[in-house]
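K.L.:
got a predicted structure here, sequence first:
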Amino acid sequence: MKFDVISIFPDFFSSITGSGLLKRALAEGKVEIRIHDLRGFTDDRHRTVDDRPFGGGPGMVFKPEPIFRAVEAIRAAAGEDAFPVILLSPQGSLLTQRRVEELARQRQIILICGRYEGVDERVAEYLATDELSIGDYVLSGGELAAAVVMECVTRLVPGVLGNAESAEQDSFASRWANAEEPHGERGLLDCPHYTRPADFRGIKVPEVLLSGHHEAVHRWRRQRSLEKTLHRRPELIERFPLSRHDREWLEGIQRATGRAAPR
């Protein structure tokens with residue numbers, strides 16, 4: 001997996017790539033991250049990357065020329081152009097785990113970090129293959145969003161985590177989002193997790209997790225996953241393939257709490 005990041009703040013990524021998961025993935029050769037300074041693709045002595053918006057208004061807008069040049073240079077070096085060019089923007093579609101899984105199947109991804117008031121619309125319309133947002137809020141630039149995308153995607157690169165099951169069982173993971181699968185809770189929020197000690201300041205780990213009864217443990221985890229999703233992200237349950245047992249259990253929650261169970 002190769003990431004090419006276009007930014008006016010290339011130093012921003014030094015700490016992110018120098019620690020944690022990305023550092024390990026880079027050291028092991030699982031991913032390659034190249035940061036491109038957008039100012040290096042300008043043609044004036046002031047290295048200008050932005051200008052005032054046509055029609056007036058506050059702020060500055062990224063010019064199209066340097067961004068087009070940067071992407072074209074990256075494509076030329078790769079010898080192909082059939083890989084995603086993603087503009088990080090508050091106007092983009094929301095980044096989801098399913099979209100992350102799609103990106104993880106690519107060999108190379110270009111990430112364009114916007115700044116200021118925005119990016120010339122011709123970049124989004126004629127250059128970017130996708131426009132992504134990491135949430136319904138506004139950041140000062142796309143650098144943090146690019147880091148989020150790289151972290152999410154890198155976790156799914158084979159061999160990075162060491163244990164593939166760890167990624168597959170995360171919240172929102174959709175590979176096995178099937179109500180009859182042993183890990184059918186995938187696609188919902190993750191269930192609660194506990195470790196030693198079994199009794200911490202009088203707060204005890206649920207007995208079922210200490211029982212060694214695998215079927216009971218699975219049933220407990222699935223129910224806790226459903227319960228957490230119902231309370232925190234009910235819209236996810238609306239899209240999830242519930243089994244008959246799931247519906248009966250959720251209806252029991254409805255009777256106990258007065259909260260409507262999804263259909």
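P.N.:
Cool, got the structure. Residues are numbered from 1 along each chain as shown.

K.L.:
the helices in the chain, which residues?
P.N.:
Assigned by DSSP state H, the chain shows helices spanning 14-17, 20-27, 64-78, 97-103, 121-126, 143-155, 164-168, 214-232, 234-238, 244-257.

K.L.:
out of those helices, deepest packed?
P.N.:
Most buried of the helices of the chain, by mean neighbour count (mean count of other Cβ atoms under 10 Å): helix 143-155, with a mean of 21. Every residue, glycine included, has its C-beta placed from N, CA and C.

K.L.:
CA atoms of that one as CSV?
P.N.:
Provided in CSV are the C-alpha atoms of helix 143-155 (Å, rounded to 0.1, in the frame of the first residue of the first chain):
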residue,chain,number,x,y,z
GLU,A,143,-3.9,16.9,7.4
LEU,A,144,-5.7,15.4,10.4
ALA,A,145,-8.2,13.8,8.1
ALA,A,146,-5.5,12.3,5.9
ALA,A,147,-3.8,10.9,9.0
VAL,A,148,-7.1,9.3,10.0
VAL,A,149,-7.6,7.7,6.5
MET,A,150,-4.0,6.3,6.6
GLU,A,151,-4.4,4.9,10.0
CYS,A,152,-7.8,3.2,9.2
VAL,A,153,-6.6,1.7,6.0
THR,A,154,-3.2,0.6,7.3
ARG,A,155,-4.9,-1.4,10.0
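
K.L.:
in the sheet, who's paired with the nearest residue to Ala78 once chain neighbours are set aside?
P.N.:
Excluding its sequence neighbours, the residue lying closest to Ala78 (Cβ to Cβ, 6 or more residues apart in numbering) is Gln108, at 6.2 Å. Per DSSP bridges, the residues bridged to Gln108 are Lys2.

K.L.:
ok, now how distant is Gln108 from Arg244?
P.N.:
Using Cβ to Cβ, to the nearest Å, Gln108 is found at 45 Å from Arg244.

K.L.:
same question for Pro197.
P.N.:
Applying Cβ to Cβ to Pro197 and Arg244 gives a distance of 38 Å.

K.L.:
residues contacting Arg196?
P.N.:
If you count contacts by Cβ atoms under 8 Å, 6 or more residues apart in numbering, Arg196 has none.

K.L.:
phi, psi for it please.
P.N.:
phi -70, psi 150 (degrees, to the nearest 10).

K.L.:
pLDDT at it, what is it?
P.N.:
Listed pLDDT for Arg196 reads 89.

K.L.:
can you tell me the closest non-neighbouring residue to the residue nearest the centre of the chain?
P.N.:
The centroid of the chain falls nearest to Cys152 when counting by Cα atoms, centre = their mean (4.5 Å). Spatial nearest neighbour of Cys152, chain neighbours left out: Val100 (4.5 Å); criterion: Cβ to Cβ, 6+ apart.

K.L.:
from Ile86, how far out is that neighbour?
P.N.:
12 Å.

K.L.:
quick one on the thing from earlier: hang on, isn't the residue nearest to Cys152 packed against Leu156?
P.N.:
Yes: between Val100 and Leu156 there is a contact under Cβ atoms under 8 Å: 6.6 Å.

K.L.:
picking up where we left off before, got any residues that touch both of Val100 and Ile86?
P.N.:
Val149.

K.L.:
ok so, going back, you'd agree the residue nearest to Ala78 is up against Val31?
P.N.:
No: counting by Cβ under 8 Å, Gln108 does not reach Val31; the two are 10.5 Å apart.

K.L.:
shared neighbours of the two, anything?
P.N.:
Met1, Lys2, Phe3.

K.L.:
tell me the one among those residues nearest to Ala147.
P.N.:
Phe3 (10.1 Å; Cβ to Cβ).
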